[in-house]
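**Q** what follows is a predicted structure for the sequence shown.
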Amino acid sequence: MDVARLEHLDVSGAVDPPTRVDIEAADPLLRAGAASEIAGRPELTVVAPGAPADVVVVVVDQVSDAALDGVRETRRTRHRAEILLICPDFSAGEALRAIVAGVRGLVRRGDASGDRLARAVVAVAGGDCSVPPDVLDPLLAPGLAARSADSDLSEREQAVLALVARGWETTEIARELSYSPRTITSVLHDVTQRLRLRNRTHAVAYALRAGLL
Amino acid sequence: MTVPDRLPEVQPVGVRATDPRRARRLGDRLRRRGIGAEYESRGRARGVAVVVAAGATVDDALGVAPVGWWFDDIRLVLVADEVATVATRRAVRLGVRVVLSAARATPAQLVAAIGAARDSQIQVPAEVLTPSTRSGPTFTDLTPRQTSVVALMAEGCSNGEVATALSCSEHTVKNVVYELMGRLRARTRAQAVAHAVRAGLI
């Protein structure tokens, strides 16, 4: 294998079925813009809003609570689709929060040239995560990042959630931690309200994905 | 040390692998998409901006990357049969841009991966970013239906919402949840979800 040779270009006709893409954006202009970047690429096809899709491209202004609520809702209602988030800018912490909420890829809006957007769609459809390098650190060690900064969960909340994750019920947890059952329920309620989660099962999934448990 | 923003559209890509057959397979897939492959000898790779290195594991693939790749600002795409989390994280920290699971390295995925590497976008399998257990009980794989149900439970769905999402009856969902509790050895929904996330099933 000591020979350097150049394989000549030869494009064959074999194609995988096109990846179905839906675009969720606040206004039609943004949607049209994203759609035009994707249209004309044989490997991708833009579907009607709400139609079955492999990837949902979500265009937002910032990684806000409302944006993440939308992401979580999409995960519940279009669970077979992976989500790619387009946003003008985001910090590493915001990227982590987005990934924990269920986003598989992030692209900065200014960078979202047709090629980059299309590539991220293909990557995410294939089961990969696609992110800019500057947001990498917390993603490589989410537990550490969450614990070193102000963690999203208090020690008490972590203790309760850890037992919930082990299948313990409210009264058992109360006895173990020397609280009243009402306190346990209240702690769990605080967590779900503050982190905008549905129930204790959702909270356990969140804590695990965020590396907090 | 920078790479020009706009690289020529079809530039050959370096291919390195732990064995010739693996290299040839990769080269064939690239050729199908109009990308030339350059099989360099060991040593520095000149004249290519991206090298695809393949092996059974991430570390094997990294092992056949051109000597001094980071110094020459070569963008690396690693293709491995088995993508272990720790090894992948280590590789990315070293400057590898893209790590692809060989099972998913179709021609289309390879082209996208090469573009991502040129572009400095990081791409790794999603499983690398979700925590999974290093030790503990191992579970048999879940059926697709069970996986869908536990995934939706992890998003906070009630049985009714799961039924709507999967277009089936709530009765069916309850049955699947019951199966899941057995399969995942869980007393509660929360524990079932915890086991599934930790095992990397969702």
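**A** Looks like it came in fine.
**Q** just checking, next helix/strand downstream of the lowest-mean-pLDDT helix or strand in chain A?
**A** Taking mean pLDDT, DSSP states H and E as the measure, chain A has helix A:142-148 as its least confident helix or strand, at a mean of 59. Sequence-wise, the next helix or strand downstream of helix A:142-148 (DSSP states H and E) is helix A:155-165.
**Q** could you pull out the buried residues of that next one?
**A** Neighbour counts over helix A:155-165 (16 or more other C-beta atoms under 10 Å in any protein chain shown) mark A:Glu157, A:Gln158, A:Ala159, A:Val160, A:Leu161, A:Ala162, A:Leu163, A:Val164, A:Ala165 as buried. The C-beta positions use only the backbone N, C-alpha and C, and glycine is treated the same way.
**Q** ditto for stretch B:50-64
**A** B:50-55, B:57-62, B:64.
**Q** kindly report the same for stretch A:173-187.
**A** Those would be A:Ile173, A:Ala174, A:Tyr179, A:Thr183, A:Ile184, A:Thr185, A:Val187, for stretch A:173-187 by 16+ other C-beta under 10 Å.
**Q** assign the second one to helix, strand or coil.
**A** Right, the one you point to is A:Ala174. Secondary structure, DSSP: H, G, I helix; E, B strand; the rest coil: A:Ala174 is helix.
**Q** if we can go back for a sec, in strands only, show me the buried residues of stretch B:50-64.
**A** B:Val50, B:Val51, B:Val52, B:Ala53, B:Ala54, B:Gly55, B:Thr57 (DSSP state E).
**Q** which stretches of chain A aren't confidently modelled?
**A** A:1-16, A:142-151 (pLDDT under 70).
**Q** next one: phi and psi at A:Ala26?
**A** phi -60, psi -40 (degrees, to the nearest 10).
**Q** also the one 3 residues further on?
**A** Listed backbone geometry of A:Leu29 is phi -70, psi -40, with angles given as degrees, to the nearest 10.
**Q** same question, the one 10 residues further on
**A** As for A:Ala39, its main-chain torsions (degrees, to the nearest 10) stand at phi -60, psi 150.
**Q** helix, strand, or coil at the residue in chain A that chain B sits nearest to?
**A** Nearest residue of chain A to chain B, counting by C-beta to the nearest C-beta: A:Arg198, 2.7 Å away. For A:Arg198, the assignment made with three-state DSSP gives coil.
**Q** so who does it touch?
**A** Applying C-beta atoms under 8 Å, 6 or more residues apart in numbering or on different chains to A:Arg198 gives the contacts A:Thr192, B:Glu155, B:Gly156, B:Cys157.
**Q** of those residues, which belong to helices?
**A** A:Thr192 (DSSP state H).
**Q** so where do the helices sit in the chain?
**A** Reading this off chain A. Under DSSP H, chain A gives helices at A:28-38, A:65-77, A:92-101, A:114-125, A:136-140, A:142-148, A:155-165, A:170-177, A:181-194, A:200-209.
**Q** wrong one, chain B
**A** B:20-32, B:58-63, B:85-94, B:107-118, B:144-154, B:159-166, B:170-183, B:189-198.
**Q** list the helices and strands the helix or strand of chain B with the lowest mean pLDDT packs on?
**A** Least confident element among the helices and strands of chain B, by mean pLDDT, DSSP H and E: strand B:37-38 (a mean of 88). Where contact means 3 or more C-beta pairs under 8 Å, 6 or more residues apart in numbering or on different chains; DSSP states H and E, strand B:37-38 is packed against strand B:13-17, helix B:20-32.
**Q** which residue does chain B have closest to chain A?
**A** Counting by C-beta to the nearest C-beta, chain B gets nearest chain A through B:Gly156, at 2.7 Å.
**Q** for that residue, what are phi and psi?
**A** Residue torsions, per degrees, to the nearest 10, at B:Gly156 are phi 90, psi 10.
**Q** residues contacting it?
**A** Contacts of B:Gly156 by C-beta under 8 Å, 6+ apart are A:Arg72, A:Arg76, A:Leu197, A:Arg198, A:Asn199, A:Thr201, A:His202, A:Ala205.
**Q** quick check: the last one touching B:Val193?
**A** Yes - contact criterion C-beta atoms under 8 Å: A:Ala205 and B:Val193 qualify, at 5.1 Å.
**Q** joint contacts of these two?
**A** In contact with both A:Ala205 and B:Val193: B:Ala154, using C-beta under 8 Å, 6+ apart.
**Q** stretch B:128-141: end-to-end distance?
**A** 18 Å (C-alpha to C-alpha, to the nearest Å).
**Q** list the contacts for the residue positioned nearest the centre of chain B?
**A** Nearest residue to the geometric centre of chain B (C-alpha atoms, centre = their mean): B:Pro125, 2.6 Å. Counting by C-beta under 8 Å, 6+ apart, B:Pro125 makes contact with A:Gly127, A:Asp128, A:Cys129, B:Val83, B:Thr88, B:Val99, B:Leu100, B:Ser101, B:Arg104.
**Q** B:Thr88: neighbouring residues, count only.
**A** 24 (other C-beta atoms under 10 Å in any protein chain shown).
**Q** and if you look at B:Ala199?
**A** Neighbour number of B:Ala199 under other C-beta under 10 Å is 17.
**Q** name the residues of stretch B:165-177 that are buried.
**A** By neighbour count on 16+ other C-beta under 10 Å, the buried set for stretch B:165-177 is B:Ala165, B:Leu166, B:Cys168, B:Val173, B:Val176, B:Val177.
**Q** ok, the first one touching A:His79?
**A** By that I understand B:Ala165. Yes - contact criterion C-beta under 8 Å: B:Ala165 and A:His79 qualify, at 5.8 Å.
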